[in-house]
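coords please:
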Amino acid sequence: MLVGTILTWGAWVIVLLYLDPATAGWLGFSLFYISLFLALVGVFALIGLGFRLYILRHEVVFRQVTVAFRQAFSFAFLAVAALFLQSQGLLTWWNMLFLIAALTFFEFAILVWQRPRQYYD
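Next up is the predicted model:
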């Protein structure tokens with residue numbers, strides 16, 4: 001996971017250094033946002049996994065990795081979406097509130113869906 005994160009940050013730096021925003025077009029901006037998104041997912045997943053392993057020492061590591069990646073995906077999406085909206089001049093507090101509410105609903109839906117089913121007699 002660490003190696004992948006380092007590689008994605010390297011890809012982002014290469015995109016940042018070698019693509020001119022004035023001439024890159026939509027492909028250059030797509031590469032910028034995708035590489036930044038993947039790099040942020042890696043960083044947030046490493047931080048989240050480290051935090052979870054420190055706090056929840058007796059839990060199964062595989063389960064903690066999946067939760068850390070899911071939440072890292074959400075945080076990275078929020079950051080990149082905010083950056084994209086800012087670049088388009090559309091970032092407002094209610095747009096951020098909507099994004100946070102949508103991601104919270106998404107996380108809640110996954111937690112409810114993955115909840116162990118209990119049968120009552």
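
run through who's touching the helix or strand containing Trp94.
Here Trp94, judged by DSSP states H and E, is contained in helix 93-114. For helix 93-114, the surrounding residues in contact (CB atoms under 8 Å, 6 or more residues apart in numbering) are 70-71, 74, 77-78, 81-82, 85. Placement of C-beta: from N, CA and C, glycine included.

and Arg115, its phi and psi?
Arg115 adopts backbone torsions of phi -60, psi 140, taken as degrees, to the nearest 10.

show the pLDDT at it.
Arg115 carries a pLDDT value of 75.

now Ser87: how far from Phe32?
From Ser87 over to Phe32 the distance is 10 Å, taken as CB to CB, to the nearest Å.

just the buried ones from the contacts of helix 93-114?
Listed as buried from those are 70-71, 74, 77-78, 81; burial here means 16 or more other CB atoms under 10 Å.

for the helix holding Trp94, buried residues please.
For helix 93-114, the neighbour count (16+ other CB under 10 Å) marks 99, 103 as buried.

kindly report the same for stretch 43-56.
Buried residues in stretch 43-56 (16+ other CB under 10 Å): 43-46, 48-49, 52.

relative to Leu19, which of those residues is nearest.
Val43 (21.6 Å; CB to CB).

these two touch, right, the closest one and Ile6?
No - in terms of CB atoms under 8 Å, Val43 does not count as a neighbour of Ile6; the distance is 10.1 Å.

low pLDDT regions in the chain?
117-121 (pLDDT under 70).

helices of that one, start to end?
2-18, 21-55, 61-87, 93-114 (DSSP state H).

re the thing from before, reformat the buried residues of stretch 43-56 as CSV; add distance to Ala11.
Below are the buried residues of stretch 43-56 laid out as CSV (distance: CB to CB, whole Å):
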residue, distance to Ala11
Val43, 14
Phe44, 17
Ala45, 16
Leu46, 17
Gly48, 21
Leu49, 21
Arg52, 26
